[in-house]
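Participant: mind folding the following:
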Amino acid sequence: MDMKDDRTEEVSFSSSVPIRIIEYLCFAAAIFSAGLVIFTLLMTGYSVFQRYVLGTPLTWTDEMSGFLVVAIVMLGAAETLRRGEHISVDLLSSKAAGGAKKALGIWSYLATAFVAAVIFISGWEAVKFSYTIGVFSNGYLEAPLWIPQSFLLVGSALLFVLSLVRMGQSLFRRDGET
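Facilitator: Next up is the predicted model:
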């Protein structure tokens, strides 16, 4: 007869398949964000070469860089939260212990979810407006604005969902679990 510990049979909230999928999506977004960083570096280097060596400046690279920076930040935000590297007030978080530390963590995740929701809602309105009206960027690139604005939606949605997941993990974590 196999005598297994009942605790090994339980599937914890933190290791469920949907949560792992969310974490993998955050990681994939961060990898894409890192690729955009490299692309932006190469594009900027090429632009500098064109301008100062060949004397033929590229007019669209500054505008493209601005769009890419938004994508880089928004796609990397959820991964930063996943890794526990978001900004916190160390004065409070390092001094808190027990229930106060747990409450502070829950408050932090709730605040992050709120900000992500606000960004998503305002981003949704911006994307919908830009797509419906057909708004293009003012610069030389003349890109449809809904495309770069869409990164606000993807990044804030990932950040929102992951914040709720982390908050749930904090709520259901037993004292002493890490």
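Participant: so which residues of the protein form helices?
Facilitator: For the chain, helices defined by DSSP state H occupy the ranges 6-9, 17-52, 61-82, 90-93, 98-133, 146-172.
Participant: out of those, which comes closest to residue 139?
Facilitator: helix 61-82 (3.9 Å; CB to CB). Using the backbone N, CA and C atoms, a C-beta is placed for each residue, glycine as well.
Participant: now the closest one: buried residues?
Facilitator: Neighbour-count burial for helix 61-82 flags 61, 63-65, 67-68, 71-72, 74-82 (criterion: 16 or more other CB atoms under 10 Å).
Participant: how about the helices of the chain in TSV, adding distance to residue 140 and mean pLDDT?
Facilitator: Shown next, in TSV, are those (distance: least, CB to CB, whole Å; pLDDT from 0 to 100):
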stretch	distance to residue 140	mean pLDDT
helix 6-9	61	37
helix 17-52	12	94
helix 61-82	7	92
helix 90-93	44	61
helix 98-133	18	90
helix 146-172	15	91
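Participant: which residues does residue 167 contact?
Facilitator: 106, 109-110, 113 (CB atoms under 8 Å, 6 or more residues apart in numbering).
Participant: for it, give its distance to residue 45.
Facilitator: 42 Å (CB to CB, to the nearest Å).
Participant: quick revisit: quick check on the contacts of residue 167: which are buried?
Facilitator: Using 16+ other CB under 10 Å, the buried members of these are 106, 109, 113.
Participant: tell me, how many residues neighbour the closest residue to the first one other than its chain neighbours?
Facilitator: Read it as residue 106. Leaving out its chain neighbours, the residue that sits closest to residue 106 by CB to CB, 6 or more residues apart in numbering is residue 170, at 5.1 Å. Residue 170 is flanked by 18 other residues according to other CB atoms under 10 Å.
Participant: span of stretch 134-145 from start to end?
Facilitator: 8 Å (CA to CA, to the nearest Å).
Participant: now do it: distance to the chain's middle.
Facilitator: 25 Å (CA atoms, centre = their mean, to the nearest Å).
Participant: identify all contacting residues around it.
Facilitator: 59-60, 62-64, 67, 126, 129-131, 146, 148.
Participant: same question, stretch 34-46
Facilitator: With CB under 8 Å, 6+ apart, stretch 34-46 has contacts from 58, 61, 64-65, 68-69, 71-72, 75-76.
Participant: again, only using 10 Å
Facilitator: 58, 60-62, 64-69, 71-72, 75-76, 79, 151 (CB atoms under 10 Å, 6 or more residues apart in numbering).
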